[in-house]
Structures are given as structure tokens and as C-alpha cells.
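In: this is a predicted model, with the sequence first.
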Amino acid sequence: MEAVPHLLDQLRQQVGKVVVGQEEFRDHCLVTLLCRSHALLEGVPGVAKTLLVKTLSRILGLEFQRVQCTSDLMPADIIGTNILNLATSTFHLHKGPVFTDLLLVDEINRMPPRTQAALLECMEEYQVTIDGTRYQLPAEFSVFATQNPIEFEGTYPLPEAQLDRFLLKIRVAYPAAKDEVQMLTNVQNGFEARDLDSMGLMPLPPGLLAAAQQEVKAVKVEPALFNYIVQIARRTRDWPSLSLGASPRAAISLMVVARAIAAMDARDYVIPDDVKAAAPPVLRHRLVLKPEADLEGLSADLIVADVLRAVEVPK
């Protein structure tokens, strides 16, 4: 392991120039990129969700686009459309914001179902279909979608099929008190979140992210851990408090994220603790609680913790 620890160390240094605290959020975003997948970010406004993703794109040299979701957003607004050139009487493709490396979809639950379906093809197939023609998206395409956990008026809940396409659901909490004090100090000293050019960010070497992604793929997983991961997923399917458990895709995601966590710990092999660390962000958005469990105050995270305690850990 060389590329992953180097990438993690450099990101921690560079991101720290812009975002104070939020270490778990930052590391989970890196896991998403190492696994070449997508993440759902849930947190109240003003906790640096957009800022951190934008900073990551700047440091990693990835193209960044942002979509602000509204109830009238159409599929063509995000994937693009063919425009008629009157001078030549020919059509040319006007590409939408999905043709990028990092796509931030702000308040995704305000996006109407038809547009959600268009985004679903981008996330799953890494391609866009416009007027019957398929266009390939960039190799590093990743979606970071945000949603507000406290405001539901005028929203369209994401269907389970789309939630299952997100590798992780990252809960972005309030920063610690000392971090908030540091933020005020930074602003008093001239910090401006909209001016990343003045932060002195050092772009990482080209190819470092790709090398790190290859290292993650090479992390070894013992057969005993295959059975452990499958038992965790299968246990959720008959758990009394759940009406919907983890899918086979969730089991694959558990293994993939556990490999990334092991690589970030400079190991080329997975241990059970990596699987346990991966379970909450991988499973919390894939489990559907029964109404009575919701009324009792249970949450997906509490149930995941109970499932982990119920499944025997391999020696």
C-alpha cells in the first residue's frame, strides 16, 4: 500500500486548509471515490457538504458540476439535449452537467421522478441516452447527492431502487464546538469559502487517484469474510423490525467499502473490523423499518448495530 496512504495523507492536509473538522465525512467521501461510486449526503444546511466536495474536486484535478434540484427540473436540464443549428440545418449535442467527473446534486429529493429516472441511468450504466443515442460518461464520474433531513414539503422521496445505487449514505453532523470556534477565527482572518483560489491548495499528482483505486481492488478478502458479509446481509432480511433488508448489491458494497477502509489503514487485507466500520453507511439507506419500529424510536443505525452483534465474527 503506497498510493492510498499517500493520497489520504495529502487530502487531509489540503482539505484541512478549507474545511475545519468533519474528518469522518471527508474520509467517507474518499472511500466513495476510491470505489468509483456514488454517495448520498444527509445533513442540515451549512455544514460544508458542498464546500468539501468542491474542495476534493479541486485537489484531485477532477471536473466539478453542480445541479440545484427543483420540482420543475426536467431530464434535459441534467443530461442535455440536441439543439438545431439553423445555419447548417443540423443538430448538435448540448451536454448537460452530468458530463463531468464529480456531480453535486443539491437537494435530490426535490427532483421529480422522471428526472430521477434519468439520473438513475447515469449512476448505474455510466452512460446517457439522448434521442436514442448512447453517450459514455467520464471514467471518474461520481454523484454526490445532498438531502435535507428536516424539510419535506415539496419533495419526492427517493425510491428504493435509486437509494440502492448509492454506495454510502453519509450523515454529516454538526462540527465540534472547538471546530466552530476555529471557523469563526478563520473568517475573522479573511477566510472566504467562495474563493478557493486563495487557499493555497496544491493539486495532487495526476494518476494518484487511479493508482489508489487499483490498490483498493487488489486488497485481499478471505473466504471466511465472504460468509460473514453474506450472513450480515441475509440476517437483515428476516430481522423482525425490518420490512425490507439488504440486497445482494448491498453485500457487494459491504465488501468493496471494507477493502477501501483496509487500504486507508495501509493494509492489503480485510479484517472483520473493516466490515463492521463499513456496515452503517452502506446499510442505513437500504433498510426499510416497519411502522411500529419507527414509532418505538428505532433507527436503521441501531438495527445495524444489533445485527452486527447477532452475527458470529469469523476467527
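Out: Looks like it came in fine.
In: could you dump stretch 14-27 to CSV, C-alpha only?
Out: Taking C-alpha atoms only, stretch 14-27 is exported to CSV below (Å, rounded to 0.1, in the frame of the first residue of the first chain):
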residue,chain,number,x,y,z
GLN,A,14,-5.1,20.0,1.8
VAL,A,15,-8.8,19.7,2.8
GLY,A,16,-7.8,21.0,6.3
LYS,A,17,-7.0,24.3,4.7
VAL,A,18,-10.6,24.8,3.7
VAL,A,19,-12.9,22.6,5.9
VAL,A,20,-12.4,22.5,9.7
GLY,A,21,-13.2,19.2,11.3
GLN,A,22,-15.7,16.8,9.5
GLU,A,23,-13.0,14.1,9.4
GLU,A,24,-15.4,11.2,9.1
PHE,A,25,-17.3,13.0,6.3
ARG,A,26,-14.1,13.6,4.4
ASP,A,27,-12.9,10.0,4.7
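In: contacting residues around that stretch?
Out: 8, 11-12, 41, 47-49, 51-52, 55-56, 59, 170, 172, 175-176, 179, 182-183, 186, 193, 196, 199-202, 204, 264 (Cβ atoms under 8 Å, 6 or more residues apart in numbering). Using the backbone N, CA and C atoms, a C-beta is placed for each residue, glycine as well.
In: for the nearest residue to residue 141 once chain neighbours are set aside, give its distance to residue 77.
Out: Spatial nearest neighbour of residue 141, excluding adjacent residues (Cβ to Cβ, 6 or more residues apart in numbering): residue 126 at 5.8 Å. Counting by Cβ to Cβ, to the nearest Å, the separation of residue 126 from residue 77 is 20 Å.
In: which of these two has more neighbours?
Out: More neighbours surround residue 77 than the other of residue 126 and residue 77, with 17 against 13 (other Cβ atoms under 10 Å).
In: my guess is that one is in a strand, correct?
Out: No. The assignment for residue 77 is helix, going by DSSP: H, G, I helix; E, B strand; the rest coil, so no strand is present there.
In: do I have it right that residue 10 meets residue 203?
Out: No. Counting by Cβ atoms under 8 Å, residue 203 is not a contact partner of residue 10; they are 9.9 Å apart.
In: so those two - more neighbours on which side?
Out: residue 10 (17 against 12).
In: wait, a helix at the more buried one?
Out: Yes. Under three-state DSSP, residue 10 falls within a helix.
In: ok, back up a step: pLDDT score for the residue nearest to residue 141?
Out: Per-residue pLDDT puts residue 126 at 91.
In: strand partners of the helix or strand harbouring residue 84, parallel vs antiparallel please.
Out: Per DSSP states H and E: residue 84 is located in strand 80-85. Looking at strand 80-85 with DSSP bridges, its partner strands are strand 90-95 (antiparallel).
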